[in-house]
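A.B. asks: need a 3D model of the following:
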Amino acid sequence: MFRDDLILSDAATSTIALDPGLNPQRLQPVFKQFGRLHVPGVFIPAAAAAIAGAFDEASGWKRSIHLGPGQDLDVPIENLEALPAERRAEIEARMRAGSRDVFSYLFDALRVSDALDRNEPMHRVLLDACRFVRSSAFLDFVRVVTGDNRPMWADMMASRYLPGHFLTTHDDEQAGHDRLYAYVLGFSPQWRTDWGGLLMFIDPDGHVSEAYTPTFNSLNIFRVPQPHAVSLVAHFAQAPRHALTGWLHGRPPAKC
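C.D. replies: Numbering: from 1, shown residues only. The predicted structure follows:
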């Protein structure tokens, strides 16, 4: 039995629903074999359209930058744009230099689950999406696909990758966070593979063993830990790479 206090009622997320044609039992063997899976057409069309629209309408985006250990920045876009050109150039130079040898990233973010948990303002549809990934409808689907009854809670971030944005190789494992699986819900229509932004899985020899091109209304889910990266978005990319992403955990975070 799953604890009812750790999940939300499906009624609270009635505007967002999985495509009823999905069969998680049929997906389970593929996931068990490879530890990762790409699922197209994951939401009903109305839900996918509403979430896609929320990306265009949402405000409060922050430029998320990791320059190295202990050097994490979430800078409001308007504050970054207000910096003198020399200061912006300095930050970009540090970012490029740091990315050569250590884990680093650059993209725009909205911390959706933080806003939901703290009752902070956020686009309603994004909050509904977060409620949905914490609902029995989504968690039960994940449990069947993975063959694992442990997922009990999820967090969520909205990410926006623009030209020049990237995420270098890492495996998502973090002590004390009980991350079981990572998920990426994609909302990038008509994306070209040569625009970059691919979710790449890295084998022990450093080769790309598999890569998923950003697509619209899709779910990518994979076991943690697993080395992966998001390739650099090309300067000629004609659209943002939009996704809702996070981790599925065995327990919710401890409350202070």
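
A.B. asks: okay, buried residues for the helix or strand hosting A243 please.
C.D. replies: Assigned by DSSP states H and E, A243 belongs to strand 241-249. Within strand 241-249, the residues that qualify as buried by neighbour count (16 or more other CB atoms under 10 Å) are 241-249. Where C-beta positions appear, they are placed from N, C-alpha and C, glycine not excepted.

A.B. asks: in a markdown table, list these along with distance to V30 and pLDDT.
C.D. replies: Formatted as a markdown table, these follow (distance: CB to CB, whole Å; pLDDT from 0 to 100):
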| residue | distance to V30 | pLDDT |
| --- | --- | --- |
| R241 | 25 | 98 |
| H242 | 25 | 98 |
| A243 | 21 | 98 |
| L244 | 22 | 98 |
| T245 | 21 | 98 |
| G246 | 22 | 98 |
| W247 | 21 | 98 |
| L248 | 18 | 98 |
| H249 | 23 | 97 |
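
A.B. asks: okay, these in a markdown table with distance to S209 next?
C.D. replies: Shown next, in a markdown table, are those (distance: CB to CB, whole Å):
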| residue | distance to S209 |
| --- | --- |
| R241 | 21 |
| H242 | 25 |
| A243 | 21 |
| L244 | 25 |
| T245 | 20 |
| G246 | 23 |
| W247 | 21 |
| L248 | 22 |
| H249 | 26 |
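
A.B. asks: of these, closest to P204?
C.D. replies: Closest approach to P204 among the buried residues of strand 241-249 (CB to CB): W247, at 22.9 Å.

A.B. asks: just confirm that closest one contacts P225, I think it does.
C.D. replies: No: between W247 and P225 there is no contact under CB atoms under 8 Å: 11.3 Å.

A.B. asks: list the residues that contact both of the two?
C.D. replies: Shared contacts of W247 and P225, defined by CB atoms under 8 Å, 6 or more residues apart in numbering, are found at D172.

A.B. asks: tell me the pLDDT at R3?
C.D. replies: We have a pLDDT of 33 for R3.

A.B. asks: for A254, same thing?
C.D. replies: The model's pLDDT for A254 equals 73.

A.B. asks: swap in D74?
C.D. replies: Taking D74 on its own, its pLDDT is 92.

A.B. asks: who does it bridge with?
C.D. replies: S64 (DSSP bridges).

A.B. asks: near it, how many other residues are there?
C.D. replies: With neighbours defined by other CB atoms under 10 Å, the count for D74 comes to 12.

A.B. asks: Provide a list of residues in contact with it.
C.D. replies: Going by CB under 8 Å, 6+ apart, the list of residues near D74 reads 62-65, 109, 111.

A.B. asks: and the residues you listed, which are buried?
C.D. replies: 62-65, 109, 111.

A.B. asks: where does the prediction get shaky in the protein?
C.D. replies: Scanning the chain for pLDDT under 70 picks out 1-14, 96, 98-101, 255-256.

A.B. asks: one more pass at 90, please.
C.D. replies: For the chain, applying pLDDT under 90 flags the ranges 1-15, 65-73, 80-81, 85, 87-104, 174-177, 251-256.

A.B. asks: show me the strands in it, by range?
C.D. replies: 36-40, 62-66, 72-76, 105-110, 153-154, 157-161, 166-170, 179-187, 199-202, 208-212, 216-223, 228-230, 241-249 (DSSP state E).

A.B. asks: and the angle for the third one with strand 62-66?
C.D. replies: Spelled out, it's strand 72-76. Computed by axes from the mean of the first three to the mean of the last three CA atoms, to 10 degrees, the angle separating strand 72-76 from strand 62-66 equals 160 degrees.

A.B. asks: now for the buried ones among the contacts of D74, which pair is the farthest apart?
C.D. replies: I65 and R111 (14.3 Å).
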